[in-house]
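>>> this one's structure only:
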């Protein structure tokens with residue numbers, strides 16, 4: 001959503017900096033509005049796994065040598081692209097690469113809380129890849145590799161002496 005928004009993010013605390021995302025709508029399968037008349041509480045649940053995610057996992061597993069069929073993986077990906085793109089955007093077996101999969105996961109699962117884990121799994125989170133505000137600077141920067149894992153909360157460390165903080169924190 002771009003109306004009233006600026007493309008560039010100059011201040012990460014301003015909602016109007018950067019384009020807003022409108023991915024899910026509070027309607028049922030027939031397009032009827034949700035049950036809360038104020039609109040404050042949507043009826044929709046956050047999808048943890050969607051069929052699209054499963055299809056993308058299958059294709060990635062095939063490419064990483066986990067078995068399965070490459071032609072079936074291409075069929076699954078093309079089903080997603082036929083739904084998502086006005087003109088289809090079908091791919092062939094030659095197009096199905098790990099680089100394609102990480103890009104397609106970014107497009108299909110945008111704003112669904114998968115990207116950090118995906119980038120870590122593909123080796124592109126810390127020392128690879130730069131995007132706006134990565135590393136808390138407007139132009140983005142690489143970050144130390146220890147950031148691939150989170151620190152243990154100090155409250156957990158304080159009550160369980162068997163735990164040790166993850167390296168780098």
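Structure received. This one's a predicted model, so the numbers in the text were calculated from it and none came from an experiment.
>>> my guess is residue 11 contacts residue 18, does it?
No - counting by CB atoms under 8 Å, residue 11 does not reach residue 18; the two are 9.7 Å apart. From N, CA and C alone the C-beta is placed, and that goes for glycine too.
>>> Looking at these two, which is more packed in?
Ranked by neighbour count (other CB atoms under 10 Å), residue 11 and residue 18 place residue 18 first, with 18 against 10.
>>> Tell me the spacing between the more buried one and residue 132.
Distance of residue 18 to residue 132, computed by CB to CB, to the nearest Å: 8 Å.
>>> Give me the three-state assignment for residue 86.
coil (DSSP: H, G, I helix; E, B strand; the rest coil).
>>> since we're on it, how many residues are nearby?
The burial count for residue 86: 6, using other CB under 10 Å.
>>> same check, this time on the one 4 residues further on
In terms of burial, residue 90 registers 14 neighbours under the definition other CB under 10 Å.
>>> can you pull the contacts of residue 140?
130-134 (CB atoms under 8 Å, 6 or more residues apart in numbering).
>>> Buried ones from these, can you make that a ChimeraX selection?
Typed into ChimeraX, the line below selects the buried ones among these, using 16 or more other CB atoms under 10 Å:
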select :134
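>>> would a markdown table of the contacts of residue 140 with pLDDT be doable?
As requested, the contacts of residue 140 are exported to a markdown table (pLDDT from 0 to 100):
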| residue | pLDDT |
| --- | --- |
| 130 | 94 |
| 131 | 91 |
| 132 | 90 |
| 133 | 92 |
| 134 | 95 |
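>>> Can you tell me which of the contacts of residue 140 is nearest residue 76?
Set against residue 76, the nearest of those by CB to CB is residue 131 (28.0 Å).
>>> Against residue 130, how distant is the closest residue to the closest one other than its chain neighbours?
Ranked by CB to CB, 6 or more residues apart in numbering and with sequence neighbours excluded, the top spatial neighbour of residue 131 is residue 140, at 5.0 Å. Residue 140 is 4 Å from residue 130, where distance means CB to CB.
>>> which neighbours do residue 18 and residue 132 share?
8-9.
>>> For my notes, confirm residue 120 occurs in a helix.
Yes - counting by three-state DSSP, residue 120 is part of a helix.
>>> Need phi/psi at the residue nearest to residue 131.
The phi/psi pair for residue 140 (degrees, to the nearest 10) reads phi 80, psi 150.
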